[in-house]
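K.L.:
okay, predicted coordinates and the sequence, questions at the end:
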Amino acid sequence: MEFAVIQTGGKQYKVSPGDVVTIEKISSDFKQGDKITFDSVLLVGSDSEAKIGTPFVSGAKVVGTLESIGRNQKITVIKYKQKSRYFKKNGHRQPHFKVKISSVN
């Protein structure tokens, strides 16, 4: 079984071909069905061997297809100071991509 560890959006993900991964939104103009190439591959491995990068594996890339663009559930942010009549309430929905990994090279 072939797998890789990629870095995107400040996070690291272990992916294999066929996996569906929810990642942070990438700031380019991607549409549903577009191919996304991840060049920042930290590790490529299989059952018998692994290749570790310093910090990235040279020549390695992971290709995926953008399945959907969405937003996470709302997170409520509350700031409160007692005895001073200070109360702020905000909400935030983080955008995300769902990417189906097609190949690890």
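P.N.:
Everything's here; your move.
K.L.:
for the residue nearest the centre of the chain, what is the enclosing helix or strand?
P.N.:
With distances taken as Cα atoms, centre = their mean, the residue of the chain nearest its centroid is Ile23 (2.7 Å). Remark: Ile23 resides in strand 20-24, with elements defined by DSSP states H and E.
K.L.:
list the pairing partners of that strand within its sheet, with orientation.
P.N.:
strand 95-104 (antiparallel) (DSSP bridges).
K.L.:
pull the CA atoms of the strand it pairs with into CSV?
P.N.:
Output of strand 95-104 as CSV, limited to C-alpha atoms (Å, rounded to 0.1, in the frame of the first residue of the first chain):
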residue,chain,number,x,y,z
PRO,A,95,-14.1,27.3,4.1
HIS,A,96,-12.7,23.9,3.0
PHE,A,97,-12.0,21.7,0.0
LYS,A,98,-12.8,18.0,-0.2
VAL,A,99,-10.1,16.4,-2.4
LYS,A,100,-10.0,12.8,-3.7
ILE,A,101,-6.4,11.6,-4.0
SER,A,102,-5.8,9.9,-7.3
SER,A,103,-2.1,9.2,-7.4
VAL,A,104,1.1,9.4,-5.3
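K.L.:
numbering from 135 from now on, please.
P.N.:
That works, and once the first residue is 135, the last one we named lands at strand 229-238.
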